[in-house]
Each structure stands twice: as C-alpha cells, then as structure tokens.
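A.B. asks: Let me see the structure of the following:
(one chain, ligands or ions: 1)
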Amino acid sequence: MSGQPLLSVRDLTVNYGHVNAVRGIDLDLAAGEITTLVGANGAGKSTTLMALSGLVKKAGGSVQFDGRDITSLAPHKIVASGLVQVAEGRATLTTLSVRENLELGAYTRSDGAAARARDIEHVYSLFPRLAERAAQMAGSLSGGEQQMLAIGRALMAKPRLLLLDEPSMGLAPIIVQDIFRTLRRINAEGLTIFLVEQNVKQALKLAQRAYVIENGQVVLQGSGAELLGDPRVQAAYLGH
Ligand code: ATP
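C.D. replies: So this is what the prediction gives:
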C-alpha cells in the first residue's frame, strides 16, 4: 500500500459474553479503494463493522482513521468524523418519503441547504429510481430500492469512508449487479469503501483489496483478483 492507510485496525477483539466473535484482526484500508471483508455466516463480519462504527464494545485493539485515534469515540462522533455505515436496507424510515429520508441523512452536517439540495440531486443521478419515487413513502419501495435509499442516505452524511454490511442480502442477482455497479461509480468518484459480503464472488470482483475472515480471524488477504484465483477461496466459497 502506498502512503498512509485511511483506516488502520490493529488487534481488534470483540466478545459477546463468552463468545469471542472477533479475535485480534488487523485491517488496512487504502484511501480511494474498495476493500472487502468476506466470510461465511457467523464469521464475525458484522461484528467487525459494528465495532468500527462504535455500535458494539471493543474488548481490545485500536482503530485509526485518517491519523486520528477513534477507538473510543461515541457512534455519532465517528459519523461526524466521516466514517458512515449504511443502515440495513429495511431500516429506512418507512412512513417518510424518499426525499425526507435523504434529507435526514444530512443531519450531522452544518453546511447550507443549497449544498444538501445539490447532494440529493447527486444521489438521484446515481439512483434514478429514487428520483422517480422521491415523494413515495419509503415503506412502499422494493427491497432493492430500499437498499439504494439506505446507501443514498449514508452518502448524504458526506462520508470519507462508507461501510456497507451485505448490501446484496435478499436481492435478485440483477439488482445486486445494479447496486455493485453504482458502488464502483461512487468509488470512481473518489469515495473509499469497506464492503462486508457473503456474496464472495461479486465482492472479490469489485474490490481492489480483500480479507477473508473465519472464526473471527483473518485467514487470507490480497488483491480481489488474487483471492478470486486462490484455490483455497475457490474451494471454500466459490464452489469449485
Ligand atoms: P452473518 O453474515 O450471519 O451476520 P457475520 O460474519 O456477520 O455473520 P457476526 O454476526 O459478526 O458474523 O457474528 C459473529 C459471532 O458472534 C457468531 O458466532 C454469532 O453467533 C455471535 N454473535 C453475534 N451477535 C451476537 C450477540 N448479540 N450476542 C451473542 N453472540 C453474538
């Protein structure tokens, strides 16, 4: 990796009572890249993300974001620092319209209404379906559209690092392709992305850098292309 990583995680450990969900993992995310963390059910992926967002307590380890120690910051301060996790698709506010949900995403910002309106237009350009449904209640959207709205809402917080927890979950392959294509575009515009996925093949195709997690530990790492071609990954996750 050239230069300082945007996010550095060292020896991260998370326990739920006696369950050691994450056991001392190290991660480095380069600015401007998509990094993915893949693994099976229960491997510790969601727990890792929640620990980075400050939503579960860390038993040990440290998190540096852009040279700043954010290990012990409260969740809202982590968001304000620029590290923003996309809420689960179905966690959109169902009785608010699409536009109102997007406006709410900007609540931590202190810049003006004009900047927010411009960013809503940008979200609409990324997800034209949201523009068509701007006045519709979020609860009446399809699963894929709710996932798009959740991503759009996170973008409204002006992240410098976007965290996603299985955006492909429960969606038809064609919708997953659509969402992944948009993530590629968002990344090409300069945003750093950390993607947690069980859809190993698609995630490795998308990401420049990848980690494989098993039983709370990183067992393999490399470029997305390297891991796609790795016989161990193929045997364990790609059904080869
Ligand atoms: P999935 O894709 O199924 O969510 P994951 O890789 O994200 O899997 P985690 O959800 O992080 O895995 O779970 C890691 C381990 O911690 C699992 O053994 C899980 O059963 C356990 N675990 C997760 N949440 C809790 C909790 N609230 N209380 C106790 N154990 C938990």
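
A.B. asks: max-length helix in this structure?
C.D. replies: helix 173-188 (DSSP state H).

A.B. asks: Quick one: list the elements packing against that helix.
C.D. replies: With contacts taken as 3 or more CB pairs under 8 Å, 6 or more residues apart in numbering; DSSP states H and E, helix 173-188 sits against strand 34-38, helix 113-126, helix 143-155, strand 192-197, helix 200-206. Backbone N, C-alpha and C define where each C-beta goes, glycine included.

A.B. asks: In a markdown table, list these along with mean neighbour count.
C.D. replies: What follows is the helices and strands packed on helix 173-188, written out as a markdown table (neighbours: other CB atoms under 10 Å):
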| stretch | mean neighbour count |
| --- | --- |
| strand 34-38 | 26 |
| helix 113-126 | 15 |
| helix 143-155 | 23 |
| strand 192-197 | 25 |
| helix 200-206 | 20 |
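
A.B. asks: do you know which of the ones you listed lies nearest the ligand?
C.D. replies: Proximity to the ligand (CB to the nearest ligand atom) singles out strand 192-197 among the helices and strands packed on helix 173-188, at 6.8 Å.

A.B. asks: Alongside the ligand, which residues does this structure contribute?
C.D. replies: By the criterion of CB under 6 Å from any ligand atom, the positions of the chain lying close to the ligand are 16, 19, 21, 39, 41-47, 198.

A.B. asks: Quick one: low-confidence residue ranges for the protein.
C.D. replies: Along the chain, the model assigns pLDDT under 70 to residues 1-2, 89-92, 240.

A.B. asks: I'd like the distance between residue 230 and the ligand.
C.D. replies: 19 Å (CB to the nearest ligand atom, to the nearest Å).

A.B. asks: list the contacts for the closest residue in space to that residue that isn't next to it in sequence?
C.D. replies: Take residue 230 and drop its neighbours on the chain: the residue closest to it by CB to CB, 6 or more residues apart in numbering is residue 220, 6.7 Å away. Applying CB atoms under 8 Å, 6 or more residues apart in numbering to residue 220 gives the contacts 211-212, 227, 230, 232-233.

A.B. asks: On the three-state scheme, residue 220 is what?
C.D. replies: On the three-state scheme (DSSP: H, G, I helix; E, B strand; the rest coil), residue 220 is labelled strand.

A.B. asks: What separation is there between it and residue 47?
C.D. replies: For residue 220, the distance to residue 47 (CB to CB, to the nearest Å) stands at 19 Å.

A.B. asks: With residue 54 instead?
C.D. replies: Distance of residue 54 to residue 47, given as CB to CB: 13 Å.

A.B. asks: same check, this time on residue 10
C.D. replies: As it turns out, when the distance is counted by CB to CB, residue 10 lies 16 Å from residue 47.
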